[in-house]
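Participant: model this:
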Amino acid sequence: MSIETLAPITADRTGTVFVHDVISTHAQHSPQAIAIATSKFKLSYAEFEQRTNQLAHYLHHQGVRRGHTVGACFERSVEAMIAAVAIWKAGAVYLPLDPSYPQERLKYMLGNSGASLVLATQLTASQFPEQQLHIFEQLATELAQQPSHAPEHQLTPDDLAYIIYTSGSTGKPKGVLVPHRGLANLAAAQAERFDINSQSRILQFASPSFDASISEMLTAFFQAATLFVAPTNDLLPGPDLLTTLRDHQITVTTLPPSVLALLDPRDLPNLQTIVSAGEACTAEIVARWGTNRRFINAYGPTEVTVCTTMSQPLRYGMAVSIGNAISNSQTYIVDEHLNLVEGEAVGELLVSSVGLAHGYLGLGEQTAERFLPNPWSEQAGSRMYRTGDLVRRLSDGSLEFRGRIDHQIKHRGYRIDPGEIEMLLMEYPNVRHAVVTLHHDHNQTERLVSYLVLHGEVMPYYRDIYRYLESMLPKYMVPLSYTVVKELPRTPNGKLDLAALPEPDFALLTVSEIYVAPRTPLEQQIAAIWEDILDTPNIGVLDDFFDAGGHSLLATQIVSAIRSTFAVEIPLSVLLGVEPTIAATAQLIEQYQIANADDAELADLLNELDGLSDEEIQALLADEGALTA
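Facilitator: Just a heads-up that it's a prediction; the model follows:
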């Protein structure tokens with residue numbers, strides 16, 4: 001039974017429905033329906049309700065009250081979902097924390113948000129002070145003693161649901177304050193556009209620290225559907241992700257175009273809806289995935305509760321639009337003076353929505369710059385958000401994405417404000433100015449690069465700069481090249497001219513302390529593959545793949561090149577699970593080649609035995625050579 005049957009979410013009541021109340025309704029009417037599943041475990045809505053209720057009561061006993069912020073540091077897991085919903089049931093504000101972030105960044109997020117405590121696991125606990133820490137595995141006995149009924153709450157739609165930290169131009173991440181009001185509205189739009197029902201199986205792909213994971217939760221939980229949670233290794237682009245989609249009968253998934261480009265859409269009979277989000281979609285992606293299934297292109301900044309617009313199902317040959325505003329949302333296209341543009345002119349996209357964030361935590365000036373009064377609304381107090389994105393309205397009324405008005409970057413699905421990285425670089429000794437941008441190499445691979453203007457002639461040791469940034473920023477925000485220029489190029493009107501910047505010199509970032517050249521023909525072949533895909537010369541056999549500019553999407557290309565060159569199939573999870581160097585990869589290839597040869601020899605023996613009588617087989621096996629084989 002779906003939530004539509006129990007309590008229809010219509011346009012006039014989305015602002016009064018809470019996620020945790022919907023789950024309680026499902027637990028009452030469809031207790032055996034599966035809320036969350038993994039490859040080894042299933043949690044019914046009744047069990048989900050009980051466990052979230054018990055954790056919510058526990059939080060109350062720890063002094064958590066309405067409006068308090070509670071941090072949650074989890075890998076993708078059932079526990080991560082329980083923690084998020086329990087925090088809401090306690091009336092508190094959910095603060096997702098990525099365990100892969102540097103300790104300094106997590107420390108800033110905790111202090112800035114005023115989080116009263118942190119929920120974590122034994123694997124993620126080392127990042128936090130003990131006095132704030134509550135480790136999930138150690139709470140089992142105490143949680144079992146808590147009441148199983150839902151605690152009462154006095155939340156209003158304007159109370160905060162979560163704080164998501166995004167890249168900020170001030171040199172520090174900024175916390176986006178998102179209220180409950182927009183969650184049900186988004187869930188209703190997704191249920192309709194994605195064709196969700198109680199039989200749907202939604203993949204939880206996004207990291208719990210990004211708001212896309214909240215969207216995946218809403219997609220499942222508002223329709224009594226199942227959210228499937230897989231470990232990171234099972235979601236690596238390529239065969240691992242395809243196996244997860246196929247073997248666990250996923251019907252709906254949201255993936256960035258850079259991941260979709262690496263997947264084969266065939267042999268996925270259960271996959272009914274693909275949602276492209278996080279990056280600009282292309283006609284090639286639509287052609288690849290828009291056949292025999294529903295393909296939706298979705299768009300939205302964190303400041304408007306995950307998603308602002310969605311396309312109708314796209315097919316080959318259709319214009320690649322980001323669609324129209326979802327219910328209870330309005331879009332406006334304006335010029336540089338904030339006047340509405342006419343026809344199909346390109347302009348900045350402004351959004352007014354029931355899902356609009358309150359603003360940025362502790363950043364009144366930035367909030368005032370981005371969240372403006374809405375002069376086109378008749379509703380008192382209506383506001384709109386300046387997205388900074390350029391769009392144009394097509395003849396059918398849908399929107400086409402056309403880029404940015406500033407230098408903000410979308411890299412591998414992550415939103416990056418280069419100003420945050422540039423500020424940190426200019427705090428480094430001897431760096432006067434810095435510019436960070438995206439570079440596209442001959443393979444059309446995107447990599448984050450930087451350009452530095454120095455105070456004097458003393459050249460920095462680039463490895464030290466890399467390590468300095470690595471201690472302050474998430475891995476995806478650390479540039480992979482540091483090119484020194486005398487001055488930054490400017491246009492005649494004084495603006496930075498990114499197009500005039502020189503080609504970045506990736507060789508300047510010495511990956512290893514000591515360069516070790518390839519020592520065998522096999523290592524030479526692998527080095528050639530790495531250098532081509534990474535667009536970096538002279539990679540040593542002990543150099544780290546990730547420090548040389550690699551990431552999981554490029555690792556998929558490495559796997560494909562190894563398959564075609566050496567005729568061995570090394571799973572991406574195996575390749576990334578060992579030391580990611582050319583030397584270690586050579587050893588892996590040799591192991592797989594030996595295993596393949598043994599398999600072939602065994603197959604030949606089995607073919608030879610096939611059709612022989614028992615007496616002939618015994619005689620053959622008695623031969624020492626055959627027995628050894």
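
Participant: quick check: the nearest residue to residue 17 once chain neighbours are set aside vs residue 305, distance?
Facilitator: The shortest distance from residue 17 to any non-neighbouring residue, by CB to CB, 6 or more residues apart in numbering, is to residue 184 (3.9 Å). No exception for glycine: its C-beta is placed from N, CA and C like everyone else's. When distance is defined by CB to CB, to the nearest Å, residue 184 is 10 Å away from residue 305.

Participant: follow-up on the earlier one: secondary structure element for the residue nearest to residue 17?
Facilitator: helix 181-193 (DSSP states H and E).

Participant: what does the next helix or strand after that helix contact?
Facilitator: Using DSSP H and E, the helix or strand that follows helix 181-193 in sequence is strand 201-204. Residues from elsewhere that reach strand 201-204 (CB atoms under 8 Å, 6 or more residues apart in numbering): 37, 76, 81, 196, 213, 216-217, 219-220, 225-230, 244-245, 248-254, 270.

Participant: what about strand 201-204, distance to the chain center?
Facilitator: Here strand 201-204 is found 14 Å from its chain centre; the criterion is CA atoms, centre = their mean, to the nearest Å.

Participant: all helices for the stretch 401-550 of the chain, in order.
Facilitator: Using DSSP state H, counting those that start in this stretch, the helices found in the stretch 401-550 of the chain span residues 418-426, 462-470, 521-534.

Participant: picking up where we left off before, quick one: the residue nearest to residue 17 and residue 150, what's the gap?
Facilitator: Taken as CB to CB, the spacing of residue 184 relative to residue 150 amounts to 17 Å.

Participant: which of those two has more neighbours?
Facilitator: When neighbours are counted by other CB atoms under 10 Å, residue 184 comes out ahead of the other of residue 184 and residue 150, with 26 against 18.

Participant: which residues of the protein score low on pLDDT?
Facilitator: 1-16, 442-444, 507-514, 597-629 (pLDDT under 70).

Participant: care to break it down by domain?
Facilitator: 19-154, 417-508, 521-605 (automatic domain parsing).

Participant: residue 381 is nearest to which of those domains?
Facilitator: domain 19-154 (21.0 Å; CB to CB).

Participant: what is the helix holding residue 184 packed up against?
Facilitator: helix 19-29, helix 211-221, strand 309-310 (3 or more CB pairs under 8 Å, 6 or more residues apart in numbering; DSSP states H and E).

Participant: just put the ones you listed in JSON lines and tack on distance to residue 496.
Facilitator: Formatted as JSON lines, the helices and strands packed on helix 181-193 follow (distance: least, CB to CB, whole Å):
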{"stretch": "helix 19-29", "distance to residue 496": "43"}
{"stretch": "helix 211-221", "distance to residue 496": "30"}
{"stretch": "strand 309-310", "distance to residue 496": "30"}
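
Participant: need those in JSON lines (columns: mean neighbour count and distance to residue 265).
Facilitator: Below are these laid out as JSON lines (neighbours: other CB atoms under 10 Å; distance: least, CB to CB, whole Å):
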{"stretch": "helix 19-29", "mean neighbour count": "20", "distance to residue 265": "32"}
{"stretch": "helix 211-221", "mean neighbour count": "25", "distance to residue 265": "20"}
{"stretch": "strand 309-310", "mean neighbour count": "24", "distance to residue 265": "20"}
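
Participant: of all these, which lies closest to residue 110?
Facilitator: Of those, nearest to residue 110 by CB to CB is helix 211-221, at 18.6 Å.

Participant: I'd like the next helix or strand past the closest one.
Facilitator: strand 226-229.

Participant: show me how far the helix or strand following that following strand is from its chain's centre.
Facilitator: Tracing the chain C-terminally past strand 226-229 and defining elements by DSSP H and E, one meets helix 239-247 next. Helix 239-247 sits 17 Å away from the centroid of its parent chain (CA atoms, centre = their mean).

Participant: helices or strands next to the next helix or strand after helix 239-247 in the packing?
Facilitator: Next helix or strand after helix 239-247 toward the C-terminus (DSSP H and E): strand 252-255. Here strand 252-255 touches strand 201-204, helix 211-221, strand 273-276, going by 3+ CB pairs under 8 Å, 6+ apart.

Participant: contacts for whatever helix or strand comes next after strand 252-255?
Facilitator: Next helix or strand after strand 252-255 toward the C-terminus (DSSP H and E): helix 257-260. Helix 257-260 has contacts (CB under 8 Å, 6+ apart) with 237, 241, 274, 276, 278-282, 285, 288-289, 412-413, 553.

Participant: and which of the residues you listed is nearest to residue 395?
Facilitator: residue 281 (19.3 Å).

Participant: mind listing what the nearest residue to residue 386 once chain neighbours are set aside touches?
Facilitator: Nearest-residue entry for residue 386: residue 370, 5.1 Å, with adjacent residues in sequence omitted and distances by CB to CB, 6+ apart. Residue 370 sits next to 303, 359, 360, 385, 386 when contact means CB under 8 Å, 6+ apart.

Participant: of the helices and strands packed on strand 252-255, which is nearest residue 328?
Facilitator: helix 211-221 (14.9 Å).

Participant: tell me which residues of stretch 131-150 come out buried.
Facilitator: For stretch 131-150, a neighbour-count test (16 or more other CB atoms under 10 Å) marks 133, 134, 135, 136, 143, 146, 150 as buried.

Participant: just the endpoints, please. Distance across it?
Facilitator: 27 Å (CA to CA, to the nearest Å).

Participant: neighbouring contacts of that stretch?
Facilitator: In contact with stretch 131-150 (CB under 8 Å, 6+ apart) are residues 20, 24, 49-51, 53-58, 61-62, 71, 79, 83, 89, 110, 115-122, 125.
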